[in-house]
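> pasting the sequence and the predicted coordinates here, then a few questions.
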Amino acid sequence: MNADSGALPVVTRRDVTVAELESLRRLVRGIGRDAGLSLQRAEELTLAVNEVVTNAIQHATGRADVSISRDDAAQTLVVDVVDDGDGIPASVTGERPEPVAIGGRGLYLVRLLCDRVHIDTGAEGTRVRLVMALG
Amino acid sequence: MAFAVSVADAASVSVLAVEGELDMTTAPQLAETAEALMADGHGRLVLDLGGLTFCDSAGLGAIVRIFRQAGDVGGSLAIAQPTPIVRAVLDLTGMSEVIMIYPNVPEARAAVG
């Protein structure tokens, strides 16, 4: 069960690896649409979740736990992505990189696309919470 | 839709039709296809993104890489008919300020040809 009051657990995927990225996107799209997000907003959430999980896969331990819940009281859809890597380096700012930079767009897009983003990161791992307003 | 890159070779412009979803698993396939073309002397490229339903930062990185390599070999790159979500990320990242984007393949082809 989700420990946060007022939040109804919807679905959890543990140990998501690169092999499950595409099916995870399908899942997030579907839940987003079912929760009432527009096509565009559901796609933006899907991209944001994809970026955070990809970061965990590439820079942490190759896997992440994802849980998606709907907070009816707050009228939000909440996605938590948790990994037990070494944490996000302080050098990762989330600023927009130059248009012709090869990389560094992930966290920038995540912050831009979601209504709220909370990042709790340290040597024990990283928890990223993405929040989308419903209705 | 399964990811696929197909190449149509016209006289001077190569059109790469990209279908499916571009992410860390499929982006290398696009980059390698374009690199092989450029290695063969085909530096004028159009990326037809009409069938691309998803593009993440890894996909954007591959597109930037192709754009820069095309410039390095004296060629150029244009993007044709991106879907709305892909167009949105190209705009948000500023990439549409530096890479030419056209509503259809013929216009993109004319721009790089």
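Thanks, I have the structure now.
> all contacts plus neighbour counts: C-alpha atoms, from now on.
OK.
> longest helix in chain B, please.
helix B:57-72 (DSSP state H).
> middle-most residue in chain B, spatially?
residue B:47 (3.0 Å; C-alpha atoms, centre = their mean).
> partners of whatever helix or strand that one lives in, with directions?
In this assignment (DSSP states H and E), residue B:47 forms part of strand B:44-55. Partners of strand B:44-55 in the sheet, by DSSP bridges, are strand B:14-22 (parallel), strand B:76-80 (parallel).
> tell me which of those sits most buried.
For the strands paired with strand B:44-55, ranked by mean neighbour count under the definition mean count of other C-alpha atoms under 10 Å in any protein chain shown, the leader is strand B:76-80 at a mean of 25.
> quick one, the strand holding residue B:47 and helix B:57-72 angle?
Put simply, strand B:44-55 runs at 170 degrees to helix B:57-72, going by axes from the mean of the first three to the mean of the last three C-alpha atoms, to 10 degrees.
> what about stretch A:24-39, average pLDDT?
For stretch A:24-39, the mean per-residue pLDDT is 96.
> which parts of chain A sit against chain B?
Listed as neighbours of chain B in chain A under the rule C-alpha under 8 Å from any C-alpha of the partner chain: A:18, A:40, A:43-44, A:47, A:50-51, A:54, A:96-106, A:109.
> beta-bridge partners for the residue nearest to the centre of chain B, please?
According to DSSP bridges, residue B:16, residue B:79 are recorded as the beta-bridge partners of residue B:47.
> per-residue pLDDT, it?
In this prediction residue B:47 is given a pLDDT of 98.
> off-centre distance for the biggest helix by length in chain A?
If you go by DSSP H, chain A has its longest helix at helix A:39-59. When C-alpha coordinates are averaged (C-alpha atoms, centre = their mean, to the nearest Å), helix A:39-59 and its chain have centres 6 Å apart.
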